[in-house]
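Colleague: here is a sequence together with a model predicted from it:
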2 protein chains.
Amino acid sequence: MTETKTDPRILRTRKLIMDSFIDLSSKKEFKDITIKDITTEAMINRATFYYHFEDIYDLLDKALTEVLFVNLNFEDYKDSDFDEDTFVRIFTAITDFQTSLSNRCHRGYEDTIARIIRDQLEVILYSILKRKHPSDADEGLKLSATMLSWGLYGASVEWRRSSNTVSPEEFIKTVTPYLD
Amino acid sequence: MTETKTDPRILRTRKLIMDSFIDLSSKKEFKDITIKDITTEAMINRATFYYHFEDIYDLLDKALTEVLFVNLNFEDYKDSDFDEDTFVRIFTAITDFQTSLSNRCHRGYEDTIARIIRDQLEVILYSILKRKHPSDADEGLKLSATMLSWGLYGASVEWRRSSNTVSPEEFIKTVTPYLD
DNA sequence: GCAGAAATGTTGGATATCCAACACATGATA
DNA sequence: TATCATGTGTTGGATATCCAACATTTCTGC
């Protein structure tokens, strides 16, 4: 393991910035949030922001990735099998994430959000597949993970379109019988 | 004015420490809270704690002073006269403060808390008296402030003893007619 | 009582953060 | 167009914070 622990100041500052950003984004449109707004709320210097993030889009990216990662709560089932329960939990995490975002104001960044969701899914799905088929070629596993992540994301879009007529659990369970 | 603005890192760190302490003190007895607990929660190094506070008693003192200061909300009436309304508001702030403390676990530190309350009151009362009688001797004003602060604190003890049979407002209004 | 563990304080060198200043871009106003 | 205000991004020197190590005190179990 390349375990090189990061300076706690870095963790703390990133957390302060991300928390402030998430907090602000529930009060303002993303386009109206300035870097000064964020650093003021976070009680850190503006220069320090640039020590951690390229720009505000980089922050958007990393903050959403972080939130989704927490939502997915990977630790809970990283050792479990690729069963229906795991599948349902992942799907529910996605829909929860999107619901929480719809309360904030990220209009115009749907494509960014979609990419973040698929990227995170891909990483997780690959690690599960890899454990199930340790000896298989990486290319095949990676492509499977990619396709599954697109599929899951697509399903979440479809679920949103059906506007809550059925719970995420019910929704995804209608397809799990066809997966193995 | 000797306005020398303090480094924002200092303000931020003190806030992190105090907030963590206040948070912890709602979950544990004061005597069971260690400095490591606080610094872990605050995400700061233990050595940094000692950069800001002598020890945990110093923190208790400063944290309670800060909370009481916020409760008193001095800015709101620092320009107002020493009328009944001001008097009632100060008294209410004290009882609110003590009520909030009774939910936390500071048993055994009643004397410390009492001293903090009187000290804060004294500062505020003196500034109000000084504005009302700018030309009077400081000794007299200071002694008046001291006596008033002891009196107000004593009234709050008496009010707590009467265990909520009457609101703080009603309680203190019964004596205001005798003050001028 | 005694030994081990855990908490308190302290220190010097390493590093993240701050500040002030700067150049540049953007948008509003006249 | 020109001007002013506001936001973005960058830099070098100053400073708060971190770390690891240490000595000391206080707690805990036997």
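Modeller: Now that the structure is in, tell me what you want to look at.

Colleague: so where do the strands sit in chain A?
Modeller: For chain A, no strands are identified by DSSP state E.

Colleague: give me the residue at the spatial middle of it.
Modeller: In chain A, the centroid-proximal residue (C-alpha atoms, centre = their mean) is residue A:68; its distance is 2.9 Å.

Colleague: quick check: that residue vs chain B, distance?
Modeller: For residue A:68, the distance to chain B (C-beta to the nearest C-beta, to the nearest Å) stands at 22 Å. Where you see a C-beta, it was placed from the backbone N, CA and C, and this is true even at glycine.

Colleague: how many residues are close by the nearest residue to residue A:85 once chain neighbours are set aside?
Modeller: Excluding the flanking residues, the one nearest residue A:85 by C-beta to C-beta, 6 or more residues apart in numbering or on different chains is residue A:77, at 8.0 Å. Residue A:77: 17 surrounding residues under other C-beta atoms under 10 Å in any protein chain shown.

Colleague: what's the distance between residue A:77 and DNA strand D?
Modeller: Distance of residue A:77 to DNA strand D, given as C-beta to the nearest atom of the strand, to the nearest Å: 30 Å.

Colleague: what does residue A:129 give?
Modeller: Going from residue A:129 to DNA strand D by C-beta to the nearest atom of the strand gives 36 Å.

Colleague: doesn't residue A:145 make contact with that residue?
Modeller: Yes. Judged on C-beta atoms under 8 Å, residue A:129 makes contact with residue A:145 at a distance of 5.9 Å.

Colleague: list the contacts for residue A:84?
Modeller: Shown in contact with residue A:84 (C-beta atoms under 8 Å, 6 or more residues apart in numbering or on different chains): A:173, A:176.

Colleague: if I look at it, how far off is residue A:169?
Modeller: 10 Å (C-beta to C-beta, to the nearest Å).

Colleague: same deal with residue A:105?
Modeller: Taking C-beta to C-beta, one finds residue A:105 at 28 Å from residue A:169.

Colleague: more neighbours: these two, which one.
Modeller: Each of residue A:105 and residue A:169 has its neighbours counted (other C-beta under 10 Å); residue A:105 has more, 18 against 12.

Colleague: my guess is the more buried one contacts residue A:22. True?
Modeller: No. Counting by C-beta under 8 Å, residue A:105 does not reach residue A:22; the two are 11.8 Å apart.

Colleague: domain-wise, how is chain A divided?
Modeller: Residue ranges for the domains of chain A, per automatic domain parsing: A:8-53, A:63-178.

Colleague: wait, the residue nearest to residue A:85 sits on residue A:87?
Modeller: No. Under the criterion of C-beta under 8 Å, residue A:77 makes no contact with residue A:87, lying 10.1 Å away.

Colleague: contact partners for the closest residue to residue A:169 other than its chain neighbours?
Modeller: Leaving out its chain neighbours, the residue that sits closest to residue A:169 by C-beta to C-beta, 6+ apart is residue A:88, at 5.5 Å. Residues near residue A:88 by C-beta under 8 Å, 6+ apart: A:168-169, A:172-173, A:176.

Colleague: so which bits of chain A are right by chain B?
Modeller: A:8, A:11-12, A:15, A:43-45 (C-beta under 8 Å from any C-beta of the partner chain).

Colleague: can you add neighbour count and pLDDT and give those back as TSV?
Modeller: Below are those laid out as TSV (neighbours: other C-beta atoms under 10 Å in any protein chain shown; pLDDT from 0 to 100):
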residue	neighbour count	pLDDT
A:8	12	96
A:11	12	97
A:12	17	97
A:15	13	96
A:43	16	96
A:44	21	97
A:45	13	97
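
Colleague: contacts for stretch A:133-141?
Modeller: Contacts for stretch A:133-141 (C-beta under 8 Å, 6+ apart): A:126, A:129-130.

Colleague: chain center to stretch A:88-102: distance?
Modeller: Relative to the centre of its chain, stretch A:88-102 is centred 9 Å away, using C-alpha atoms, centre = their mean, to the nearest Å.

Colleague: quick revisit: ok, so what distance separates the residue nearest to residue A:169 from DNA strand C?
Modeller: As judged by C-beta to the nearest atom of the strand, residue A:88 and DNA strand C stand 39 Å apart.
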